[in-house]
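Peer 1: attaching a predicted model along with its sequence, questions to come.
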Amino acid sequence: MDYPQQHIKPYDKEGKKSEQVERMFDNIARTYDRLNHALSLGIDRRWRRKAIAWLRPFRPQRVMDAATGTGDFAILACRKLRPRQLIATDISEGMMNVGRQKAKEQGLADTISFVREDCTSLSFADNEFDAVTVAFGIRNFEDLDQGLSEMCRVLKPGGHLVILELTTPDRFPMKQLFAIYSKAVIPLLGKILSKDKSAYHYLPDTIKVFPQGEIMKEVIGKAGFREVNFRRLTGGICTLYTATK
């Protein structure tokens, strides 16, 4: 399908979205962690823990973290799940360089490997992973359906998918508060701390139009997953999606 967020680009109307997203994240890589935690008031850490807690009973031994960014989710998953191997993928080398340094500092460099991959065209063979995760990155995919299909392809039968994504609250008063916060606060802090004004207009713009809730559940199911469920977190600011291949 043709989704609205696929047409929103960080810088120019012309050119591939994936190339602009790569450039944007390379530009903000050094300040991303500090700004990300500040914008969420640190609640993003709690969201990651909830996602990993859902995966823990399945004890996945080979995990791929797609759109890993600076590796926050990958590092936490490695510490909590203790897989034999975790491959963290992203299109931004700038973001992954930050992640590589963090993994090294935490003694996890032997378990986590950072690999440049476009999630709409993964280089991995079919049925390679016990779990695939993606935290706060799926709305940046140039082709959502293709990205989900690729993640399904590389999962083993019975493997598990976990998606965390920022969403728009649909109830008072969180809906109104988030509208003000995303329109005024996020772009202002982004401009001050990252020096990239476009990036922090792009991010809330994609949150507004990205499919969520029941619609996203249906999209995930059409990609080949079953047992698709979702849970809204913190008043709907974030949604946790889970599924099985």
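Peer 2: In hand now; what should we look at?
Peer 1: which parts of the helix or strand encompassing residue 161 are buried?
Peer 2: Remark: residue 161 resides in strand 155-166, with elements defined by DSSP states H and E. Under the neighbour-count criterion of 16 or more other Cβ atoms under 10 Å, strand 155-166 has 155-156, 159-166 buried. Where you see a C-beta, it was placed from the backbone N, CA and C, and this is true even at glycine.
Peer 1: what's the first helix or strand after the helix or strand of the chain with the lowest mean pLDDT?
Peer 2: When the helices and strands of the chain are compared on mean pLDDT, DSSP states H and E, helix 186-194 comes out lowest with a mean of 75. Later in the chain than helix 186-194, the nearest helix or strand by DSSP H and E is helix 199-209.
Peer 1: that following helix to helix 186-194, inter-axis angle?
Peer 2: Helix 199-209 and helix 186-194 are oriented at 150 degrees to each other (axes from the mean of the first three to the mean of the last three Cα atoms, to 10 degrees).
Peer 1: could you pull out the helices for this structure?
Peer 2: For the chain, the helices defined by DSSP state H occupy 17-39, 43-55, 72-81, 93-105, 144-154, 174-180, 186-194, 199-209, 214-222.
Peer 1: figure out which of those helices is closest to residue 231.
Peer 2: helix 43-55 (8.0 Å; Cβ to Cβ).
Peer 1: what angle separates that closest one from helix 72-81?
Peer 2: 50 degrees.
Peer 1: and helix 43-55, which residues are buried?
Peer 2: Judged by neighbour count using 16+ other Cβ under 10 Å, the buried positions of helix 43-55 are 44, 47-48, 51-52, 55.
Peer 1: mind exporting stretch 140-149 as CSV, just the C-alpha atoms?
Peer 2: The C-alpha coordinates for stretch 140-149 follow below in CSV (Å, rounded to 0.1, in the frame of the first residue of the first chain):
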residue,chain,number,x,y,z
ASN,A,140,11.3,5.7,8.6
PHE,A,141,11.1,2.8,6.1
GLU,A,142,10.8,3.8,2.5
ASP,A,143,8.4,0.9,1.9
LEU,A,144,6.6,-0.3,5.1
ASP,A,145,5.1,-3.4,3.5
GLN,A,146,8.4,-4.5,2.0
GLY,A,147,10.2,-3.9,5.2
LEU,A,148,7.7,-6.0,7.2
SER,A,149,7.8,-8.8,4.5
